[in-house]
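Engineer: take this sequence and fold it.
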Amino acid sequence: MAILMPVTVGRVTRTDRYVADCYVRAATDLLAHTWDPVVLAALHQGPRRRSVLRAEIGGISDKVLTEALTRLRAAHLVERDDRAYGLTELGRSLVEGPLRELGRWAREHGDELLDGVSGGSQVG
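Structural biologist: Below you'll find the predicted structure:
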């Protein structure tokens with residue numbers, strides 16, 4: 001199965017290999033901000049008030065948490081009621097699918113990744 005898929009924009013189907021509006025690119029953009037996956041993972045435990053969420057995550061500033069929650073709400077991954085933030089069905093499917101698999105992969109290959117980062121190796 002191809003990872004990058006043709007995308008139809010209006011009535012034109014684009015088959016460029018890396019089109020700007022490719023579904024994979026849209027999905028990986030969700031991980032482009034360091035704290036967004038962390039916030040999603042924290043909310044997987046259930047709805048949280050903002051102050052509780054910030055305390056549980058640790059190390060995240062109020063400004064950065066606000067920005068993350070704003071992005072995640074705009075992407076329809078997080079919703080907010082009067083008291084708390086929680087995952088939408090879409091957000092839950094992301095956490096329980098790709099993020100869980102990414103976490104499994106990271107645990108399996110974490111030492112290799114950290115060796116590359118700390119060793120200063122560069123690609124390209």
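Engineer: okay, CA-based contacts and neighbour counts for the rest of this
Structural biologist: Fine.
Engineer: touching, Asp36 and Asp29? I think so.
Structural biologist: No. Contact criterion C-alpha atoms under 8 Å: Asp36 and Asp29 do not qualify, at 10.3 Å.
Engineer: which one's more surrounded, these two?
Structural biologist: With neighbours defined as other C-alpha atoms under 10 Å, Asp36 and Asp29 compare such that Asp36 has more, 19 against 10.
Engineer: not counting sequence-adjacent ones, nearest residue to the residue nearest the centre of the chain?
Structural biologist: Central residue of the chain (C-alpha atoms, centre = their mean): Leu31, 3.5 Å from the mean position. Excluding the flanking residues, the one nearest Leu31 by C-alpha to C-alpha, 6 or more residues apart in numbering is Pro37, at 6.3 Å.
Engineer: what's the strand or helix carrying the one you found in contact with?
Structural biologist: Taking DSSP states H and E as the definition, Pro37 sits inside helix 35-43. Residues from elsewhere that reach helix 35-43, judged by C-alpha atoms under 8 Å, 6 or more residues apart in numbering: 30-31, 53, 56-57, 60, 64-65, 68-69, 72, 78, 85-87, 91, 95, 99.
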